[in-house]
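J.: pasting a predicted model and its sequence here:
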Amino acid sequence: MKKGYSKPLLGQLIQKIAPRIGARIVIEPEWNIVGQVIYKSGQKRYFKYSSLDLNTQAASEIAKDKGYSDFFMKLMNYPTIPGKVFFSDKWALAIGSRDNLAAAERYARKLGFTIIVKPNSGSQGVGVALVYDKREFYDAMRFIFEGDRVAVVQKYVRGRDYRVVVLDNRVISAYERIPLNVIGDGESNILALLKKKQKMFRQTGRDTMIRFDDLLISQKLSHRGLSFRSIPKSGEQIFLLDNANLSTGGDSLDVTDKIHSEWKKFAVQLTDDMGLRLCGVDLMVDGDIMQSPKMAKKYWVIEINSAPGLDHYIRIGEEQEKIVEKLYLEVLKSME
């Protein structure tokens with residue numbers, strides 16, 4: 001394995017828990033990316049990065065594509081966030097589409113700023129931006145098109161961000177995701193508080209690296225009339241990003257034992273309707289997932305994930321580590 005290269009979590013975790021069910025693991029030694037699970041029965045299954053030999057290829061590919069998955073969810077009357085996919089100018093010309101960057105800007109104005117833009121096939125919150133005006137819109141879209149030919153432009157909706165993980169018709173994990181934030185102590189400025197948070201991540205074994213030069217953080221602060229030099233009041237919570245991904249420094253609150261049964265049914269049905277056995281269902285709820293969906297003012301499916309990686313979640317603490325180990329033990333059993 002190359003110096004400075006961090007092993008993917010899934011292989012390490014499966015190696016640890018597989019003996020509990022009498023299974024044996026073989027991992028390609030140079031990069032530790034792919035592996036084989038050999039069960040006592042002789043049955044063999046495979047994994048790569050965070051993807052397991054569980055969902056069908058077609059269903060997984062559709063789930064990875066925000067535009068296609070949104071199409072089918074709308075078709076089945078699931079509440080998705082209003083939005084549309086657009087193409088880079090070069091790709092729009094190549095495929096003969098009018099849905100280019102200029103068309104995206106017209107659609108954004110129709111939705112009304114503030115809006116969300118994100119890569120169509122991205123993950124872990126990379127490239128997701130809340131944009132307030134035309135200039136920020138073009139900056140964000142150009143950034144997306146540096147790595148993707150397709151972008152999603154969506155209406156901005158408010159609520160609490162949840163991920164519900166479903167395996168074979170039952171919810172095995174659920175947690176609220178809270179965007180990167182700092183809590184003021186009345187003395188330290190935001191930059192110092194952020195550095196303190198990064199230090200805490202390292203001390204607890206969490207490998208999340210906060211990008212102090214992230215333009216989205218600077219913009220978020222600027223829109224609140226703040227900067228890295230601002231000193232929050234004691235107890236004041238300052239949010240620094242709009243996406244709640246753990247990979248970008250977000251926090252989590254486990255609600256597996258508290259999620260309302262109707263939300264469980266919702267997530268299980270959606271997973272089944274999308275042809276998946278394992279799925280991370282991401283929800284935005286203007287309410288509380290511990291109460292019935294009927295109690296929520298509104299709710300939306302943000303997206304679905306056929307390979308819900310839990311690398312950052314597991315490194316938050318011992319409690320999360322136990323939850324993830326239990327989750328993947330169930331996954332291993334279901335793969336045989």
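T.: Noted; the coordinates are in hand.
J.: helices of the stretch 51-200 of the chain, start to end?
T.: Secondary structure of the stretch 51-200 of the chain (DSSP state H, counting those that start in this stretch): helices located at 57-64, 66-75, 89-95, 101-111, 134-145, 190-203.
J.: flag every buried residue along the third one.
T.: Buried residues in helix 89-95, defined by neighbour count with 16 or more other CB atoms under 10 Å: W91, A92. C-beta here means a position set from N, CA and C on the backbone, and glycine is covered the same way.
J.: same question, stretch 46-56
T.: F47, S50, S51, L52, L54, N55.
J.: same question for stretch 248-262.
T.: T248, G249, G250, S252, D254, V255, I259, H260.
J.: low pLDDT regions in the stretch 101-250 of the chain?
T.: Along the stretch 101-250 of the chain, the parts satisfying pLDDT under 70 run over 122-125.
J.: related to what we said a few turns ago, and the helices of the stretch 51-200 of the chain as TSV, adding distance to E325?
T.: Shown next, in TSV, are the helices of the stretch 51-200 of the chain (distance: least, CB to CB, whole Å):
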stretch	distance to E325
helix 57-64	24
helix 66-75	29
helix 89-95	42
helix 101-111	42
helix 134-145	35
helix 190-203	21
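J.: wait, which of the ones you listed is closest to V157?
T.: Minimum separation from V157 across the helices of the stretch 51-200 of the chain (CB to CB) falls at helix 101-111, 11.0 Å.
J.: give me the helices and strands touching the closest one, please.
T.: With contacts taken as 3 or more CB pairs under 8 Å, 6 or more residues apart in numbering; DSSP states H and E, helix 101-111 sits against strand 83-87, helix 134-145, strand 150-155.
J.: now do that helix and strand 83-87, the angle between them.
T.: Orientation of helix 101-111 against strand 83-87 (axes from the mean of the first three to the mean of the last three CA atoms, to 10 degrees) gives an angle of 160 degrees.
J.: what angle separates helix 101-111 from helix 134-145?
T.: 130 degrees.
J.: in CSV, list the C-alpha atoms belonging to helix 101-111.
T.: What follows is helix 101-111, C-alpha atoms only, in CSV (Å, rounded to 0.1, in the frame of the first residue of the first chain):
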residue,chain,number,x,y,z
LEU,A,101,-25.8,26.9,-18.5
ALA,A,102,-27.8,29.9,-19.8
ALA,A,103,-31.0,27.8,-19.5
ALA,A,104,-30.0,26.8,-16.0
GLU,A,105,-29.7,30.4,-15.0
ARG,A,106,-33.2,31.2,-16.4
TYR,A,107,-34.6,28.3,-14.4
ALA,A,108,-32.8,29.5,-11.3
ARG,A,109,-34.4,32.9,-11.7
LYS,A,110,-37.8,31.3,-12.2
LEU,A,111,-37.4,29.3,-8.9
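J.: now the buried residues of stretch 46-56 in a markdown table, with distance to D89?
T.: Listed next are the buried residues of stretch 46-56 as a markdown table, based on distance: CB to CB, whole Å:
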| residue | distance to D89 |
| --- | --- |
| F47 | 38 |
| S50 | 33 |
| S51 | 32 |
| L52 | 38 |
| L54 | 38 |
| N55 | 34 |
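J.: mind picking the lowest-pLDDT entry from those?
T.: Within the buried residues of stretch 46-56, S50 has the lowest pLDDT, namely 78.
J.: count the neighbours of the residue nearest to it when sequence neighbours are not counted for me.
T.: In this structure, S50 finds its nearest non-sequential neighbour in G309, 3.5 Å apart by CB to CB, 6 or more residues apart in numbering. In terms of burial, G309 registers 19 neighbours under the definition other CB atoms under 10 Å.
J.: surely G309 and L52 touch.
T.: No: G309 is beyond contact range of L52, at 10.6 Å (criterion: CB atoms under 8 Å).
J.: overlap in contacts, these two.
T.: Taking CB atoms under 8 Å, 6 or more residues apart in numbering as the criterion, G309 and L52 both touch L10.
J.: and R20, how many neighbours does it have?
T.: For R20, using other CB under 10 Å, the count is 11.
J.: where does it land in three-state SS?
T.: helix (DSSP: H, G, I helix; E, B strand; the rest coil).
J.: before we move on, the earlier item: now the residue nearest to S50: how far from L10?
T.: Relative to L10, G309 is positioned 7 Å away (CB to CB, to the nearest Å).
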